[in-house]
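1. 3D model of this:
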Amino acid sequence: MSYCKFRAFRLHDISNRLRSCAWRNSFVAVHPTRPITHRTALVGHASGAGGNAWTNPLSPGRTKPSSNLMKSDVSRRLTRTDFCNRHIASLSVLDARIEQQEHFVSPSSKAFSRSIWKWNGDRGNGGLGGRSGNGDGEASSGDGSGGEDGSPSSGDGAGDGGDYPPPSMVSLSPMTIPEDFSPVPLIAVPRNPVFPKFIKIIEVTNKPLMEILRRKLRLAQPYAGVFLRKDDKDETEIIPDLDAVYSVGTFVQIHEMQDLGDRLRLVLMGHRRIRISGLAEDVQEAAAEAVPETAPGADPEAVPETASEAVPEADPETAPEADPEALSGVDGETQEDKAPSLDENENVSTEPEEEQESQSYPDQVLMVEVENVKHQTFKTTEEVKALTAEVVKTIRDIIALNPLYRESVAQMIQAGHRVIDNPVYLSDLGAALTGADPEELQEVLEETDIPKRLYLALNLLKKEYELSKLQQRLGREVEDKVKSAHRKYMLQEQLKIIKKELGLEKDDKDAIEEKFRERLKDKTVPKVVMDVIEEEMNKLSFLDNHSSEFSVTRNYLDWLTTLPWGMYSEENVDLKRAREVLEEDHYGMDDVKNRILEFVAVSQLKKSTQGKILCFYGPPGVGKTSIAKSIASALNREYFRFSVGGMTDVAEIKGHRRTYVGAMPGKVIQCLKKVKTENPLILIDEVDKIGRGFQGDPSSALLELLDPEQNANFLDHYLDVPVDMSKVLFICTANITDTIPEPLRDRMEMIDVSGYVAQEKVAIAERYLVPMARDHSGIADQVTIDTDAMNQLIKAYCRESGVRNLQKHIEKIYRKAAYKMVHDSADSIHVTMENLHEFVGKPLFTSDRMYEKTPVGVVMGLAWTSMGGSTLYIETCLSRSLTPESKEGGGAMQLTGNLGNVMKESAEIAYTFAKSFLLDHPPEEGGTSLQSSQVHLHVPEGATPKDGPSAGCTIVSALLSLAMGRPIRQNMAMTGEVSLTGKVLPVGGIKEKTIAAKRAGVDCIILPAENRKDFSDLPSFITEGLEVHFVEHYRDVFSIVFP
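-> Below is the predicted model:
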């Protein structure tokens, strides 16, 4: 028997049994105005005896057992009789539609009907059984009239029973759907619209809309309009105006509802397309007037005249039950204050409900007037058939790819050829399956041309199919990858177990200990260190593999066993080979080379490896760092370099303490691990630029490392065991020695690496720089540079002491030449003095001298800078205005030129000595007395800071020239400090100053007598052509300068 026939059969059976009640007509005549809640609510109780309890689906709660059985029985029978009398009139219309509904019911409706059937079956005997409960909270199904016994269910009996059950989902399906129904509550949904014949579950939290929906359900009008929201990002349910939603939506029926207090959970069933025609004029009137018409054949006497007495055409199994507090006289009353008599209930007023319904909400849209959307007539043409077949094929392909749709959609398509022959439903089905954009889905919903709608749905299905294929491919790749990794892991675990069983592999701890001992096999580990290693290994064997202490101990042992205990590289003691290596890589630097050769000679005689601490200091670019690498190659030692410039953390030198997370040894211990020998060459670069911070002073940490008496037992903070560093050759580099702390400088052997003269630069360029530039530019012999062009490049562009800037200019020449060869197709390029500017630009230094002829009061001095030597002019002149002090005979001197404190004091001493010297050697007639004159002394190039005690003789000579009005000897330069009594003191930088004087075209220089030893060490090509005078007192200078 079909479901529809079964429902009709039950209604006929109910009608026959209840018409036998003789008191029904008299009761209706006496009480014609009973409230609607007494006459329409169908409570789920049988007509048998027993105190029954019931639950209102719309307002969950419990009523207590009836204390007046007679009143309860009469009210119950009246309610059943009145309700069923309404549906008997509808049976004639229902019988005509049963056959039609049986042959064609949508799969979704069938599935939903099965859920309703199950819910009705749970209620009791054939849909009219009751649920009764006892005081202990237990329940059993009541006896039905002519039906089978229902299954037990959780009761909600009165008394001290269990907790109140959660609100149940209530079925509200009427038998027929009105063809035209307006107005309807407006429910706005985001993202996906509801298509006809499809079910959607939504939740409503808008309080006014919830009240309207509850009122509609009490009036047995479970209908609404669902429309898609235009703004998908707006998550509020309040619709301020009709522009916020699309005009075309779906007329839905509320099949089930669960009232959760602050929200309503609705199960909606779409039926047809509707279009908004306007706002409802009054929400209360629209809700009250929208009552379904009475079915043909109904008893006109039973039809109420007012909306409050209207009885809906609802199925007795799914009709909404009324509020228990409103069902006065219905079964379940036990308290007299809650159960007034039937006569008292006749005068019950509905004013509070009317006042609540009369509220309006002008700030939002709740009810709208709608009209049905009619489809355009179409014929089943070949195009429609082809589109339909393609849609079905695409849906089947999607089902095959995506298992999410397989269970539900497969049943819809396999229901028979009726689904395929229904293009209207098929287009909606195709669109509902896709996850397309809301605008595209709304376009399908609004389209009335069926072929075009099919085409739109097909496009969406094709996109969904491609997306499903992509998802399947990605899923397959991920699954294959996971399977492969899992299989590999399983095989590795099995292999590990097999090896362990065969004795081929040991436990992790045993393997680690064996690895550590294997490292120590060929090493000579000191006893103190070996005791620590044994202790740590014993500790490791008791630790858990996953503990943090295990990792710390393992890392500590790893460092201890990796160090090269007792391992040395075979040092080269061949003096000849060492000289060849040094000469091959560097030109000049005789002091450095001789010191290394002496080191090799001592090692050869002692027949043992030794360590030493050297410090190369000099201007940048002279090859201090590169010579260290050549020394390591000459000595056959491993080379390791680290820079301490800007270092502020002591841990970089001595390591972190082992208790810290991520602790590690210092740079020196890391060096030993990398080079794997205990006698490497370690270059500590930029030692003069070491910093100092709150982490400590790294220069103080170097004291232990660079002290020959202490580094034999160097203690790193991480290892905490003595390490022998006495065999290491330490070489430090610095630009200046003034910033190196005195205790640290005392531990190092200082070797001066001075700058290069022009001849040395030319040799270096031809032997090293030019071949290197050829290799980097990819040019063989197509480019040549004249010697004159090279001299001009050094003289006009690269005057610094080093050759780093010269290397940059040579590389620039070769880059320009490569560009010309490629761009101009030149075969060869020859660089001369005439076209040198085409490759390196305009000269930077156009003149070596500020004055071609030295005037009165001007003397050329010699200075030393970190970039090498340079000439420095001292200018003096008399001021026209005299100060009061000068009138009294004191005199004054003004100093300018960005001078330092030392140079200012030197100028003051020179000024005092000059005035004293003029007392013994008064100027001739026409001279100027310094005793009563104001003198201005200036050192040009005021942007360059100047300081140092080497300009005393130059300042005295300039002041005497000004006082006597005589210029000094031309082409002369001097250096040396003068004391207050006129003694000439020694200075430094003799080589650089001599080179600067010769570069400026000076043929006579004056040096302190104590610097004779420094000048004698200079090569002959520097001193050649120079007239040198060594003086002890300024009287000797005066006799040379003013002959």
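
2. which stretches of the stretch 151-300 of the chain have low pLDDT?
-> 151-175, 282-300 (pLDDT under 70).

3. the longest helix seen in the chain: how far from the chain's middle?
-> Longest helix in the chain, counting residues (DSSP state H): helix 450-502. Relative to the centre of its chain, helix 450-502 is centred 28 Å away, using CA atoms, centre = their mean, to the nearest Å.

4. which helices and strands does that helix pack with?
-> Counting contacts by 3 or more CB pairs under 8 Å, 6 or more residues apart in numbering; DSSP states H and E, helix 450-502 packs against helix 382-401, helix 423-433, helix 438-446. Quick note: C-beta positions are derived from backbone N, CA and C, even for glycine.

5. that one vs helix 438-446, what angle?
-> Between helix 450-502 and helix 438-446, the angle comes out at 130 degrees (axes from the mean of the first three to the mean of the last three CA atoms, to 10 degrees).

6. circling back to that earlier point, quick one: closest of the helices and strands packed on helix 450-502 to D232.
-> Ranking the helices and strands packed on helix 450-502 by their distance to D232 (criterion: CB to CB) puts helix 438-446 first, at 5.8 Å.

7. ok now that closest one, how far from the chain's centre?
-> 38 Å.

8. residues contacting that helix, please?
-> For helix 438-446, the surrounding residues in contact (CB atoms under 8 Å, 6 or more residues apart in numbering) are 190-193, 195, 228, 232, 246, 248-250, 273, 427-428, 431, 434, 453, 456-457, 460.

9. got the helices and strands packed on helix 450-502 as JSON lines, with mean neighbour count columns?
-> Shown next, in JSON lines, are those (neighbours: other CB atoms under 10 Å):
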{"stretch": "helix 382-401", "mean neighbour count": "17"}
{"stretch": "helix 423-433", "mean neighbour count": "23"}
{"stretch": "helix 438-446", "mean neighbour count": "19"}
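
10. turn those into a markdown table, columns for mean pLDDT and distance to H1029.
-> Listed next are the helices and strands packed on helix 450-502 as a markdown table, based on pLDDT from 0 to 100; distance: least, CB to CB, whole Å:
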| stretch | mean pLDDT | distance to H1029 |
| --- | --- | --- |
| helix 382-401 | 85 | 102 |
| helix 423-433 | 85 | 107 |
| helix 438-446 | 89 | 100 |
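
11. would you reformat those helices as CSV and include distance to E686?
-> Shown next, in CSV, are those (distance: least, CB to CB, whole Å):
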stretch, distance to E686
helix 382-401, 66
helix 423-433, 72
helix 438-446, 66
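
12. quick one, which of these is nearest to S182?
-> The closest of those to S182 is helix 438-446. By CB to CB, the value is 18.8 Å.

13. which residues touch N898?
-> 939, 942-946.

14. what pLDDT is listed against it?
-> N898 carries a pLDDT value of 90.

15. what is the neighbour count of Y455?
-> 17 (other CB atoms under 10 Å).

16. contact partners for it?
-> Neighbours of Y455 in contact, by CB under 8 Å, 6+ apart: L387.

17. cool, and S754?
-> So S754 contacts 618-619, 622, 801, 991-992 (CB under 8 Å, 6+ apart).

18. if we go to 10 Å?
-> 588-589, 591, 617-619, 622, 801, 864, 868-869, 989-992, 995, 1018 (CB atoms under 10 Å, 6 or more residues apart in numbering).

19. over to it. Which of the three states is it?
-> coil (DSSP: H, G, I helix; E, B strand; the rest coil).

20. also L683?
-> Applying three-state DSSP: L683 is strand.

21. show me what it is bridged to.
-> Counting by DSSP bridges, L683 is bridged to R641, I731.

22. surely it touches T733?
-> Yes: contact status for L683 versus T733: in contact at 7.1 Å, counting by CB atoms under 10 Å.

23. got any residues that touch both of these two?
-> 616, 624-625, 627-628, 641, 643.

24. the nearest residue to N711 once chain neighbours are set aside and Y718, how far apart?
-> Using CB to CB, 6 or more residues apart in numbering and skipping residues adjacent in sequence, the residue nearest N711 is M725, 4.1 Å away. M725 sits 15 Å away from Y718 when distances are taken as CB to CB, to the nearest Å.

25. for T394, same thing?
-> T394 sits 68 Å away from Y718, going by CB to CB.

26. does K462 touch E390 like I think?
-> Yes: with contact defined as CB under 10 Å, K462 reaches E390; the gap is 9.0 Å.

27. spatially nearest residue to V668 (excluding sequence neighbours)?
-> Looking at V668 with CB to CB, 6+ apart, the closest residue is L705, at 6.3 Å.

28. if we can go back for a sec, can you select the buried ones from the contacts of helix 438-446 in PyMOL?
-> Isolation of the buried members of those (16 or more other CB atoms under 10 Å) is achieved in PyMOL through the command below:
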select buried, resi 192+193+195+228+246+248+249+250+273+427+428+431+434+453+456+457+460
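
29. check contacts around T944.
-> 863, 865, 870, 872, 897-898.

30. helix, strand, or coil at E371?
-> Applying three-state DSSP: E371 is strand.
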